[in-house]
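Trainee: Below is the structure, and that's it, no one-letter string:
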């Protein structure tokens, strides 16, 4: 079955053709435009979508756990039912290999199903019951019960680098829908056809599950106008975003300037330091170099967790690592980047690094458009400590090795780092003491600390943290990957002395939802 | 034992005398100044305190659960050991009755001990373990473990209206210390002596528990300079504030303008609507009127949860309620307000209400300074719907009755309301259907919904929510009263494949802290 792309936005169950400037995808592998055009919406249509979302909110947030979980599972089924067309269109729009897109579809649908299980388990309700104590002295205690409810309609911004897993039906959408929030997605302009296919799958799931149509809308727009209007809209109560620091901070400013400020969960920039601890470097520097360049080259380096900084103590072992990494970089084939804009930014970024750092190696160059040539640089720690430029994220397969005089200077470099999504330690048992003294600084700076792996794999599970202090994200108290992401879209409400007949199901005495509860401060699993 | 007040700030274990403009308390009951003067600090001393806090942070946040809990308990003991001096000074500085201050001391110390029990139970760590699955297809799963750690040093602003429970050792301080955050308090200028006494008690507890001295500091300053410098300081990572909307939004703006924005938990303004449902009004309107005026007059109305708005359906029963409430208001004695500034604002506030609403009754007037004369007004719903002024919080014993044509207009008034800390329903079983249709709007607008009680009692327990949508607070996702308040000062960190020797105690396989864990998605209580 192939769906003909319509080039329209989806407002509830309607297909709506905007009157603004159109966007269209460009195949980055050959630079050619892809039909159809997607005319941009105006403020009136944004308002139409948010009004529908607001109208859907009270009913959608009180759907039963089972109904909401089934809806998430139905979305996964509808996405799978699109079949090969999704992969083909995705490849054409992003230049990513088919296998990567198929894997990403699996991840996207797995994520939806994981959130279905989270909805059913009901831990997110954080039920707390403090029963009345009528005889307490000097004052009786009233009956108090707490649950969490959805914040309201959420604006989600699709990311360019994960056209499925961080886009229309990605982690932000899945966790917001799981929390009970209607979602209005602003499609990323780089993959509109992929977005439309997934958007129509969600639209079908909404209809099949007989949910209010405003539960989901998908908007197209050139430039920033639609996105800014969405974040400024009074019916929107939270924002999920993955993208650039400039884009994220612009949304934060808009959200804060509203008469009613709202939370923005922006996952923005990170250079993901990798620490080469002395014993590990001595024992297996070359193998580490190989693993490092493999991680650096994944997806042409277009990952939020790409290892953009490597930190080691200067000496023969670090020299050998640099030499081996340089050889691996030279052998790296060119890869097509996602968009001409990303390619241009990459070219500028490595030009900037070349000004302040020593070039170690460049990868192979290719003739086609938008090719990423892997790039490796090095600098001494003193130069890094004195430079803001060397800490800027270069999105793509570029990395910088920092040579420290000793472990103390490694600590000084660490304290200079901005907030990060990840920090990676390559270490052996003999490095334990050195790592132990480094860990507090890493905990203060990163959402995830990993040992003897590479940051580019992000497992979707319960314990994952894909987050971190600013500017890695706008809000370090959360994660955008993993089941804890649902908490971003919830707030607590307390009910005092409500008659049993009026209590939400989650709070009734006999626990009909069978959820874990904190009863008078004691956990009932 | 009486401690002679020194009139100094406390920076770690030091007493520091500022060189800035001094503040001193005024006894609101007689308008006379109270010795000593408290000279204000400058930016250098603010930085000294935050630097000490930062230096204390890594060690304090990794204190054992038992050590941290014992510290909180020790603070409670030290506060109790101050004895009558605390009550006497509190009465002189606030005009509140001695019994109220003694009750508030009990609440403050009870709160510290409750947080000690929360620390020991360790649920706040939110431990999640997803064990490695080396044989999983197509990709093995790594070992992933999550815990929460403290955000960093927290700036706490004491509130005027709870000189103990929301001040130096109040809920913000207790929950931040429980989370593992050092605390720097900006003392409220209205009760500096009370602040110093409590601050010295905390200082003694820090010393007795052998904690790093930067764990706690207490700063005095006239005007906003010290507070703004504190919030702008790079070593401060979160802010707790209870006070006016103007004060809270100013801190929000400063926190957002930092190179690294930080969360602000500001509890600001709420008029706490009370709904008189028809059956309840018919059955017991006069008793409700009596309860209402009792709540209105508590503490001269100087509570965040004071019932400033009453909503009913026009008719004979509402008229009778208004008449009975008016009589009770007329019989209300004058009460001393906390400060001349609060009294002036109250006088202006009721003058504003008098312009737009119908005066029902005024309470008795008194001769002394800073006396609150209880005031009751009424207006029809149509006027309320067209006026922003009628929705402004008047801090003190003033309230406004809104007369609705019917339940539909009651719903329209509800949808017009800003975010609230509480919404109260006076109802009978026969009102169930009407309440059921009102509840979704109340959930969207308030942190706590209560039935047949009054909002002015706020229990410190696990299920309490003292929070709500903007402008009741700056962040609806949290509460500032109750054990869930600890979550405001925490963020998740994920550890991937960390060797057992390096894992934090909370995440070790054999669960040495005996905390509830989410193991592979299953709750282990």
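Mentor: Yes, it's here. All values derive from a computational prediction rather than experimental measurement.
Trainee: element containing the residue in the stretch 251-400 of chain A positioned nearest to chain B?
Mentor: For the stretch 251-400 of chain A, the residue closest to chain B is residue A:260, as judged by Cβ to the nearest Cβ, at 4.7 Å. (C-beta placed from N, C-alpha, C; glycine too.) For residue A:260, there is no helix or strand it lies in under DSSP states H and E.
Trainee: Quick check: residues of the stretch 101-250 of chain A near chain B?
Mentor: Contact residues, the stretch 101-250 of chain A versus chain B (Cβ under 8 Å from any Cβ of the partner chain): A:117, A:121, A:123, A:126, A:128-130, A:139, A:141-142, A:144-146, A:149, A:151-152.
Trainee: top of those residues by neighbour count?
Mentor: Among these, residue A:146 has the most neighbours (other Cβ atoms under 10 Å in any protein chain shown), with 28 neighbours.
Trainee: Now do the helices in chain A.
Mentor: Taking DSSP state H, the helices of chain A run over residues A:43-61, A:65-82, A:84-94, A:98-121, A:171-179, A:192-208, A:225-232, A:245-257, A:278-297, A:316-330, A:340-356, A:381-385, A:407-416, A:432-445.
Trainee: Show me what the third one is packed against.
Mentor: Just to be clear, that refers to helix A:84-94. strand A:22-27, helix A:98-121, helix A:192-208 (3 or more Cβ pairs under 8 Å, 6 or more residues apart in numbering or on different chains; DSSP states H and E).
Trainee: coming back round to it: tell me which of the helices of chain A is the most buried.
Mentor: helix A:171-179 (a mean of 30; mean count of other Cβ atoms under 10 Å in any protein chain shown).
Trainee: And the average pLDDT for it is what?
Mentor: Mean pLDDT, helix A:171-179: 98.
Trainee: likewise stretch A:434-449?
Mentor: On average, stretch A:434-449 scores 98.
Trainee: and if you look at stretch A:417-429?
Mentor: Across stretch A:417-429, pLDDT averages out at 98.
Trainee: hmm, that stretch touching chain B?
Mentor: Yes. Stretch A:417-429 lies within reach of chain B by Cβ under 8 Å from any Cβ, at A:419, A:429.
Trainee: next one: stretch A:286-303
Mentor: No. Using Cβ under 8 Å from any Cβ, we find that stretch A:286-303 stays clear of chain B, coming within 13.1 Å at best.
Trainee: what about the residue of the stretch 251-400 of chain A closest to chain B, distance to residue A:514?
Mentor: 36 Å (Cβ to Cβ, to the nearest Å).
Trainee: Please apply the same query to residue A:111.
Mentor: For residue A:111, the distance to residue A:514 - Cβ to Cβ - is 24 Å.
Trainee: need the residues of the stretch 301-450 of chain A near chain B, please.
Mentor: Selection of the stretch 301-450 of chain A residues close to chain B by Cβ under 8 Å from any Cβ yields A:419, A:429, A:432, A:435-436, A:439-440, A:443-444, A:446-450.
Trainee: Could you identify the most distant pair in the residues you listed?
Mentor: A:419 and A:429 (29.4 Å; Cβ to Cβ).
Trainee: more neighbours, these two?
Mentor: residue A:419 (20 against 9).
Trainee: number of nearby residues for the closest residue to the more buried one other than its chain neighbours?
Mentor: Once flanking residues are discounted, residue A:419 sits nearest to residue A:469: 3.0 Å by Cβ to Cβ, 6 or more residues apart in numbering or on different chains. Residues lying near residue A:469 (other Cβ under 10 Å) number 24.
Trainee: Could you check the pLDDT of residue A:469?
Mentor: Looking at residue A:469, the pLDDT reads 98.
Trainee: doesn't residue A:476 make contact with it?
Mentor: Yes. In this structure, residue A:469 is within contact of residue A:476 by Cβ atoms under 8 Å, at 4.5 Å.
Trainee: can you list residues touching both of these two?
Mentor: Common contact partners of residue A:469 and residue A:476 (Cβ atoms under 8 Å, 6 or more residues apart in numbering or on different chains): A:419, A:447, B:491.
Trainee: so of those residues, which ones are in strands?
Mentor: Among these, the ones falling in strands (DSSP state E) are A:447, B:491.
Trainee: can I get the shared contacts of residue A:469 and residue A:476 in CSV with distance to residue B:89?
Mentor: Below are the shared contacts of residue A:469 and residue A:476 laid out as CSV (distance: Cβ to Cβ, whole Å):
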residue, distance to residue B:89
A:419, 43
A:447, 45
B:491, 38
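Trainee: Poorly predicted segments of the stretch 1-150 of chain A, please.
Mentor: Counting by pLDDT under 70, the stretch 1-150 of chain A has low-confidence residues at A:1.
Trainee: 50 instead, please
Mentor: Residues of the stretch 1-150 of chain A meeting the criterion pLDDT under 50: none.
Trainee: Please verify my assumption that residue A:5 contacts residue A:199.
Mentor: No. Look at residue A:5 against residue A:199 with Cβ under 8 Å: they stay out of range, at 10.8 Å.
Trainee: which residues of the stretch 351-500 of chain A fall in strands?
Mentor: For the stretch 351-500 of chain A, strands defined by DSSP state E, counting those that start in this stretch occupy the ranges A:358-362, A:371-372, A:375-380, A:398-404, A:420-426, A:446-451, A:490-496.
Trainee: picking that back up, going by distance to residue A:347, which of the shared contacts of residue A:469 and residue A:476 wins?
Mentor: Nearest member of those to residue A:347, counting by Cβ to Cβ, is residue A:419, at 26.4 Å.
Trainee: is it true that that closest one touches residue A:474?
Mentor: No. Using Cβ under 8 Å, residue A:419 makes no contact with residue A:474, being 10.2 Å away.
Trainee: would CSV of the strands of the stretch 351-500 of chain A with distance to residue B:340 be doable?
Mentor: Formatted as CSV, those follow (distance: least, Cβ to Cβ, whole Å):
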stretch, distance to residue B:340
strand A:358-362, 67
strand A:371-372, 67
strand A:375-380, 61
strand A:398-404, 59
strand A:420-426, 50
strand A:446-451, 48
strand A:490-496, 35
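Trainee: okay, those strands in a markdown table with mean neighbour count next?
Mentor: Converted to a markdown table, the strands of the stretch 351-500 of chain A look like this (neighbours: other Cβ atoms under 10 Å in any protein chain shown):
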| stretch | mean neighbour count |
| --- | --- |
| strand A:358-362 | 17 |
| strand A:371-372 | 26 |
| strand A:375-380 | 22 |
| strand A:398-404 | 26 |
| strand A:420-426 | 28 |
| strand A:446-451 | 27 |
| strand A:490-496 | 26 |
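Trainee: right, so of these, which gets closest to residue B:182?
Mentor: Closest to residue B:182 of those is strand A:446-451 (Cβ to Cβ; 20.9 Å).
Trainee: Pop the domain breakdown of chain A in here.
Mentor: Annotated domains of chain A cover A:9-268+A:477-488, A:273-451 [automatic domain parsing].
Trainee: quick one: which of the ones you listed is nearest residue B:354?
Mentor: domain A:9-268+A:477-488 (26.8 Å).
Trainee: Can you give the distance of the closest one from its chain's centre?
Mentor: 12 Å (Cα atoms, centre = their mean, to the nearest Å).
Trainee: Residue A:241 against residue A:248, yeah?
Mentor: Yes. Counting by Cβ under 8 Å, residue A:241 touches residue A:248, with 5.6 Å between them.
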